[in-house]
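Participant: predicted model and sequence below, questions to follow.
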Amino acid sequence: MSHLTTELFRNDSYIKQCTATVAQIDERGIQFDQSICYAHGGGQLGDHAVLQSEDGRSINIIDTIKDRETHEHIHVVDADTIAGINIGDTLNMELDWQRRFSLMRFHSCLHLLCAIIDAPVNGGSIQIDRARLDFDLQEPVDKAELTEKLNKHIEADAAISTRWITDAELDAHPELVRTMSVKPPRNAEGTIRLVEIDGIDLQACGGTHVTSTKEIGAMLVRKIENKGKQNRRITVVAADAAS
Ligand SMILES: [Zn+2]
């Protein structure tokens, strides 16, 4: 049976704690009525969190995944830690915020990169300490120049906001889908979320973002690799972690 989880992080990516009631437990993990954990997808890793039961036990969420067909939002835990947890139990959920905030910074940074480089995106990945995008691009790119442009956008402190449109509206504006290989998530309600960086970028995206570019912090284009014909892989790291 599938349970639709209210995804609290979609409208507010800064919620660090919530209570959650167990809706389903199976060999894949636990589903809740609501969650602050982002499920792995769109190139962004799934969140980690700690659950606290009413009797004071702690259970680590070691990954959050989504069943793309059923839209089930599944919190992965070590199987031997969930004995005694039952459907209907209410637990406290606390996000591994440091980890998530890194992912948010890098995700927003990749949208800036998309805005700077006018070429189709073939794929991307957001890790805790680095992020990359693969562009369908033939012309060479200069690392120093790209770093400078990126940090100019970051220092401009542009607001980052989200809003929702229908699947039909998205279909009428295909330019809002930037990454052909990573389609933005369509949900059961038939709506899709847009992420706007004021004056810089607008695209469909289900990921978690910071609320202004300044929060991204200084970034450095670490590597530009050629991955086959027309494929340029650009990797960014935090400037203070690059030395
Ligand atoms: Zn995105």
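Facilitator: The structure has been received and is ready for your questions. Residues are numbered from 1 along each chain as shown.
Participant: from the ion, how far out is residue 50?
Facilitator: As for residue 50, its distance to the ion is 26 Å (criterion: Cβ to the ion, to the nearest Å). (C-beta placed from N, C-alpha, C; glycine too.)
Participant: show the contacting residues for the spatially closest residue to that residue that is not a sequence neighbour.
Facilitator: Counting by Cβ to Cβ, 6 or more residues apart in numbering, residue 94 is the residue found nearest to residue 50 once chain neighbours are left out, at 5.0 Å. The neighbours of residue 94, taking Cβ atoms under 8 Å, 6 or more residues apart in numbering as the test, are 16, 17, 49, 50, 52.
Participant: tell me how far residue 59 lies from residue 52.
Facilitator: 8 Å (Cβ to Cβ, to the nearest Å).
Participant: got it, and residue 107?
Facilitator: Going from residue 107 to residue 52 by Cβ to Cβ gives 28 Å.
Participant: ok, these two, which is more surrounded?
Facilitator: residue 107 (24 against 15; other Cβ atoms under 10 Å).
Participant: that one belongs to a helix?
Facilitator: Yes: judged by DSSP: H, G, I helix; E, B strand; the rest coil, residue 107 forms part of a helix.
Participant: for it, which non-adjacent residue is spatially closest?
Facilitator: residue 207 (4.7 Å).
Participant: hmm, back to that, joint contacts of residue 59 and residue 52?
Facilitator: Joint contacts of residue 59 and residue 52 (Cβ under 8 Å, 6+ apart) are residue 91.
Participant: got a list of what the residue of the chain found nearest the ion touches?
Facilitator: Proximity of the chain to the ion (Cβ to the ion) peaks at residue 205, 3.2 Å away. Under the criterion of Cβ under 8 Å, 6+ apart, the neighbours of residue 205 are 42, 107, 111, 184, 193, 194, 195.
Participant: can I get those in CSV including pLDDT, secondary structure and distance to the ion?
Facilitator: Shown next, in CSV, are the contacts of residue 205 (pLDDT from 0 to 100; DSSP: H, G, I helix; E, B strand; the rest coil; distance: Cβ to the ion, whole Å):
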residue, pLDDT, secondary structure, distance to the ion
42, 87, coil, 6
107, 97, helix, 6
111, 96, helix, 6
184, 71, coil, 8
193, 90, strand, 10
194, 92, strand, 10
195, 94, strand, 6
